[in-house]
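Peer 1: A structural model of the following input is requested.
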Amino acid sequence: MLGVHLEYGDIVVRTVRLSDAAQLDRLLRDNRAWLQKWEATLPGTSGLPRTRDVIRTLRSMARDNQVVPCVIVVDSVLVGQITLSGMSYGSLASGAIGYWVSQDVAGRGIAPTAVAMLTDWSFTSGSLHRVEIAIRPENAASLRVVQKLGFRYEGLRRRYIHIDGDWRDHFTFAVTYDESVSGVLNKFLRGRVNERNADIPEVDRVAARTPLRLN
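Peer 2: Residues are numbered from 1 along each chain as shown. Alright, predicted model coming up:
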């Protein structure tokens, strides 16, 4: 899906454009140390694909309603990316959100606001019933985002996504339309979120610190 444009205050979530390539490339380069340990990678390859090529691929997939690829803009400055992917319809009607923001704007509420906006869009305009977010156990900043938004903890997935050169464990969180009829952003802004929804059982925290035995 192309043509997404969401706003709250000075925060804008909109479809990524080819003309964003230079800014994104510079932002990714400047934040390399900040982002590398959370970046998705392809098994058997090294290095990252060209930003312009990634944008072309994402926009092509968007035309087939497979992803909703967006950038996060604050005060007309591009500060990150957010993407709704893995979209399924019919009896599943589900998708997954991934996101990142520049280190210099982290902690300002930009990431949770952007995630809330795109989640609400997923339910109201994207025809989805469920949105999930998968987060590495070590990623404290992202874990705080789902806590702030009241996403419900669903479990530990072992060696789930290829990140920073290897298969990494992830905690998974989700919210359904039924749980957020009043709007995820609205509940976040009004302080009506139950942050305990995102509590992770100690048994899963311990498991995530224990390497999976591979035969």
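Peer 1: Of all the helix elements in the chain, which one is longest?
Peer 2: Longest helix in the chain by number of residues, with DSSP state H as the criterion: helix 110-124.
Peer 1: By mean pLDDT, which helix or strand of the chain comes out lowest?
Peer 2: In the chain, the helix or strand scored least confidently by mean pLDDT, DSSP states H and E is helix 32-35, which has a mean of 91.
Peer 1: related to what we said a few turns ago, mind listing the strands the helix or strand just after the longest helix of the chain pairs with, and their directions?
Peer 2: Per DSSP states H and E, the first helix or strand lying C-terminal to helix 110-124 is strand 130-135. Next to strand 130-135 in the sheet, as set by DSSP bridges, lie strand 94-101 (parallel), strand 166-176 (antiparallel).
Peer 1: ok, the residue most central in space within the chain to residue 163 distance?
Peer 2: The residue lying closest to the centre of the chain (C-alpha atoms, centre = their mean) is residue 98, at 1.9 Å. Distance of residue 98 to residue 163, given as C-beta to C-beta, to the nearest Å: 11 Å. Bear in mind the C-beta positions are built from the backbone N, C-alpha and C, glycine included.
Peer 1: which residues do those two both contact?
Peer 2: Residues touching both residue 98 and residue 163 (C-beta atoms under 8 Å, 6 or more residues apart in numbering): residue 40.
Peer 1: Residue 203 and residue 209, how far apart?
Peer 2: According to C-beta to C-beta, residue 203 and residue 209 sit 11 Å apart.
Peer 1: what about residue 210, how many residues close to it?
Peer 2: By the criterion of other C-beta atoms under 10 Å, residue 210 has 9 neighbours.
Peer 1: what's the answer for residue 139, then?
Peer 2: 16.
Peer 1: Spatially nearest residue to it, not counting backbone neighbours?
Peer 2: Leaving aside its sequence neighbours, residue 139 sits nearest to residue 38 (C-beta to C-beta, 6 or more residues apart in numbering; 6.0 Å).
Peer 1: wouldn't the one you found be in contact with residue 140 here?
Peer 2: No. Counting by C-beta atoms under 8 Å, residue 140 is not a contact partner of residue 38; they are 11.3 Å apart.
Peer 1: Neighbour count: the two, which is higher?
Peer 2: Ranked by neighbour count (other C-beta under 10 Å), residue 38 and residue 140 place residue 38 first, with 17 against 9.
Peer 1: got the contact list for the more buried one?
Peer 2: Applying C-beta under 8 Å, 6+ apart to residue 38 gives the contacts 100, 136, 139, 142, 163-164.
Peer 1: same thing with residue 13?
Peer 2: Residue 13 makes contact with 4-7, 70-73, 82, 114, 117-118 under the criterion C-beta under 8 Å, 6+ apart.
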